[in-house]
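Asker: Coordinates only, no sequence provided:
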């Protein structure tokens, strides 16, 4: 030990440059944020995107430096024309690399139960969405892809239990084998 001051005390500008370089070379993760809205009968709102096959939950990808909750609120406004100020986090799902995509973090928030007036006020973005529907949970899970179906099932369990669930590729942490 030389007794020399650490870099962050000795040269704050050099320390900031060191941190900036670390930030530049660190891996980045994509972040997505979806919202689960329900009607009074417990049906789930799903949307049919024009830009990909299958059905999805309202929501989408966060922009650079955008908090997940803000991304969800922005996407709900863009896709459905609804002003939604946020809700409880239900699920955080780490999604493994697949196809051309790197790994990502997917957040699912509780949008609550929409009133009849809120449901009638939904105006889907014609360029992005072909349609939307409130359907029973099992039908919603059948219409979305397998990965999202697992996330949706976990989110609905989280609504009922009041807990927040962590998943890895749609599987609960208890069923995940650590990699070595």
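Answerer: Received the coordinates, thanks. Just so we're clear, the structure is a prediction, and the values are computed from it rather than from any experiment.
Asker: residues touching residue 79, list them.
Answerer: Neighbouring residues of residue 79 by CB atoms under 8 Å, 6 or more residues apart in numbering: 47, 58, 59, 60, 124, 125, 128, 129. All C-beta atoms are positioned from the backbone trio N, CA, C, and that covers glycine.
Asker: So among those, where is pLDDT lowest?
Answerer: Taking these together, the minimum pLDDT is found at residue 125 (72).
Asker: For it, give its distance to residue 144.
Answerer: For residue 125, the distance to residue 144 equals 19 Å [CB to CB, to the nearest Å].
Asker: Between the two, tell me which one has more neighbours.
Answerer: residue 144 (20 against 15; other CB atoms under 10 Å).
Asker: Can you give me the buried ones in the longest helix seen in the chain?
Answerer: For the chain, the helix that runs over the most residues, judged by DSSP state H, is helix 146-161. Neighbour-count burial for helix 146-161 flags 147, 148, 149, 150, 151, 152, 153, 154, 155, 156, 158, 159 (criterion: 16 or more other CB atoms under 10 Å).
Asker: Need the residues that contact the helix or strand of the chain with the lowest mean pLDDT.
Answerer: Using mean pLDDT, DSSP states H and E, helix 7-10 stands out as the lowest-scoring helix or strand of the chain, at a mean of 78. For helix 7-10, the surrounding residues in contact (CB under 8 Å, 6+ apart) are 4, 14, 15, 18.
Asker: Filter those down to the buried ones.
Answerer: If you count burial by 16+ other CB under 10 Å, none of the contacts of helix 7-10 comes out as buried.
Asker: Okay, and which of the residues you listed map to helices?
Answerer: Of those, the ones assigned to helices by DSSP H are 14, 15, 18.
Asker: Let me have the residues you listed in CSV, adding pLDDT as columns.
Answerer: Output for the ones in helices among the contacts of helix 7-10, formatted as CSV (pLDDT from 0 to 100):
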residue, pLDDT
14, 82
15, 75
18, 83
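Asker: got the buried residues for stretch 51-67?
Answerer: Neighbour-count burial for stretch 51-67 flags 55, 56, 57, 58, 59, 60, 62 (criterion: 16+ other CB under 10 Å).
Asker: what's the answer for stretch 92-107, then?
Answerer: In stretch 92-107, counting by 16+ other CB under 10 Å, buried: 92, 93, 94, 95, 104, 106, 107.
Asker: Quick one: end-to-end distance for that stretch.
Answerer: One end of stretch 92-107 sits 5 Å from the other (CA to CA, to the nearest Å).
Asker: Mind listing residues that contact that stretch?
Answerer: With CB under 8 Å, 6+ apart as the test, stretch 92-107 has contacts from 27, 29-34, 68-69, 72, 89, 91, 108, 147, 151, 154, 164-170.
Asker: Low-confidence stretches in the protein?
Answerer: Across the chain, residues meeting the criterion (pLDDT under 70) sit at 1-2, 174-180.
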